[in-house]
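J.: Just to be clear, the model below is a prediction. Sequence and coordinates:
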Amino acid sequence: MWMLPVQNQSWVSEFILLGFSSDPMSNRILFIAFLLLYLSSVLGNGLIITLICLDKQLHTPMYFFLCILSLLDMCYVTTTMPQMLVHLLAHSQTISFAGCWLQMYVFCALGLTECIFFVVMAYDRYVAIWYPLRYTAVLSWGLCMRLVAGTWACGFLFSLIHTFFTMRLPYCGPNMINHYFCEGPSVRSLACMDTHLVELVDLVISVLVLAAPLSLILASYICIALAILKIKSTRARCKAFSTCASHLTVVTFFYAPATYIYMKPNSSYSPELDKQISLFYNVFTALLNPAVYSLRNQDIKRAFLKVTGRGGRVTW
C-alpha cells in the first residue's frame with residue numbers, strides 16, 4: 001500500500017481558516033445570519049425528532065427513518081457551524097492539525113452516512129407502495145435497526161479511508177485554507193506533492209457512496225412511479241406522490257452539490273465557488289429537510305397540534 005513518510009506530516013502543526021470575509025463589519029452581519037440559520041436548523045430537526053418520539057402514531061419505520069435523518073442533519077451542521085460562528089467574531093481563525101483531522105473525519109462520516117441512508121429511505125417508500133399489506137412485516141424493527149447501524153458503519157469506515165489518505169499528505173506550507181471548515185478537497189489543495197493517487201481514492205469512494213446509491217434511488221423510484229400509476233384512487237395516488245416528492249427534493253439538494261465537490265479533480269478546484277456550494281449542502285439542506293417534511297406531511301402537522309394541545313383536524 002502507498003504510504004508517505006511520517007515525518008512529513010509534522011511540517012504544518014495548524015491551519016488558518018480564511019472563512020468568507022476579513023472585514024469585521026461583514027463578519028458581524030454574517031455571524032447574525034449564520035446563527036439564525038444554525039438555530040433554525042437545530043430547532044427544526046429537533047422538533048421533528050421530538051414529535052416522532054412523543055406521538056405513538058408516528059412510531060412506524062417511515063418516521064423512524066425520518067427521525068434518524070433529522071438526527072444526522074443536526075450532527076452534520078454542528079460539526080462546522082459553531083466553529084465558523086466563533087471564527088467570525090474571534091481574531092484567531094486557527095485550527096490545530098489534529099482538530100482539522102477530526103473535523104474532516106466526522107463531517108465526511110456524517111455526509112457519507114446520509115448519502116447511504118437516502119437509499120434506505122427510498123427502500124422504505126418502495127416497500128410501502130409495492131407491498132402495503134406486508135409493510136410492517138418486511139420492514140421489521142430488527143431490520144430497521146440493522147439498516148441504520150449498517151449505514152452509520154459504512155459512512156464512518158469510508159470516511160476513515162478518505163481522511164487517512166488526505167491527512168497523510170505532506171503539508172509544508174502555506175497553511176491557509178480558503179474555506180470555513182476543513183473539507184477534504186480544500187485541505188488537499190495545500191499538499192506539497194502530487195495528489196492524483198488521493199484523488200483516485202476519493203473518486204472510488206464517491207462512486208461507491210454517491211453514484212451507486214443515487215443509481216439505486218433512481219431505480220427504486222422508477223419502480224415506485226410504476227406502482228403509483230396503477231393506484232385507482234386519485235387521493236391515494238396524490239398522497240403517495242407527495243410523500244415521494246419530499247424525499248426526492250431532499251435527495252436532489254443534497255446529492256447535486258456533494259457530487260460536484262467530491263468527484264472533480266484538484267485541477268478544477270475553485271475556493272470561492274466550493275465554499276458556497278459546501279455551505280449549501282451543509283447548512284441549507286439541514287434547514288430544508290424539516291421544512292419539506294413538515295410542510296408537506298399531514299401526520300407531522302397533526303402531531304404538532306396534538307403535542308401543543310391544540311388538537312383537531314389539520315387545515316393548513
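T.: Structure received.
J.: can you pull out the strands in the stretch 151-300 of the chain?
T.: Applying DSSP state E, counting those that start in this stretch to the stretch 151-300 of the chain gives strands spanning 176-177.
J.: give me every residue that touches Cys223.
T.: Contact analysis of Cys223 by Cβ atoms under 8 Å, 6 or more residues apart in numbering lists 126, 130. All C-beta spots, glycine's among them, are computed from the backbone N, C-alpha and C.
J.: Now tell me what touches stretch 19-33 from outside.
T.: With contact meaning Cβ under 8 Å, 6+ apart, stretch 19-33 is reached by 84-85, 87-89, 93, 179-180, 275.
J.: swap the cut-off to 10 Å and go again
T.: Residues from elsewhere that reach stretch 19-33 (Cβ atoms under 10 Å, 6 or more residues apart in numbering): 34, 84-91, 93, 177-181, 272, 275-276, 279.
J.: Repeat that for stretch 136-145.
T.: By Cβ under 10 Å, 6+ apart, the list of residues contacting stretch 136-145 from outside reads 59-62, 64-65, 68, 120, 123-124, 126-128, 130-131, 146-147.
J.: List buried residues within the contacts of stretch 19-33.
T.: Among the contacts of stretch 19-33, the ones that count as buried by 16 or more other Cβ atoms under 10 Å are 34, 84-85, 87-88, 93, 177-181, 275, 279.
J.: In the stretch 201-316 of the chain, where is pLDDT below threshold?
T.: Where the stretch 201-316 of the chain drops to pLDDT under 70, the residues are 243, 264-269, 294-296, 310-316.
J.: can you pull the contacts of the closest residue to Tyr260 other than its chain neighbours?
T.: Distances taken as Cβ to Cβ, 6 or more residues apart in numbering place Ile277 nearest to Tyr260, at 6.1 Å, with adjacent residues excluded. Residues counted as contacts of Ile277 (Cβ under 10 Å, 6+ apart) are 256-258, 260-261, 270.
J.: Adding neighbour count and distance to Leu287, write these out as CSV.
T.: Listed next are these as CSV, based on neighbours: other Cβ atoms under 10 Å; distance: Cβ to Cβ, whole Å:
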residue, neighbour count, distance to Leu287
Ala256, 13, 16
Pro257, 20, 14
Ala258, 24, 16
Tyr260, 15, 20
Ile261, 20, 19
Ser270, 11, 24
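J.: Nearest to Ser40, out of those residues: which one, please.
T.: Of all the contacts of Ile277, Ser40 sits closest to Pro257, with 19.4 Å by Cβ to Cβ.
J.: mind listing what's buried in the one helix or strand Gly150 maps to?
T.: Assigned by DSSP states H and E, Gly150 belongs to helix 141-167. With burial defined by 16+ other Cβ under 10 Å, the residues of helix 141-167 counted as buried are 144, 147-148, 151-152, 154-156, 158-159, 162-163, 165-167.
J.: Tell me which residue lies nearest the centroid of this structure.
T.: With distances taken as Cα atoms, centre = their mean, Gly111 lies nearest the centre of the chain, 4.2 Å away.
J.: State the distance from that one to Ser159.
T.: 8 Å (Cβ to Cβ, to the nearest Å).
J.: what do the two both touch?
T.: If you check Gly111 and Ser159 against Cβ under 10 Å, 6+ apart, the residues they both contact are Val209.
J.: what ranges do the helices span in the stretch 51-200 of the chain?
T.: Along the stretch 51-200 of the chain, counting by DSSP state H, counting those that start in this stretch, helices occupy 61-78, 81-89, 97-130, 135-138, 141-167, 184-188, 196-206.
J.: So which of the ones you listed is nearest Leu305?
T.: Here helix 61-78 is closest among those (Cβ to Cβ), at 16.2 Å.
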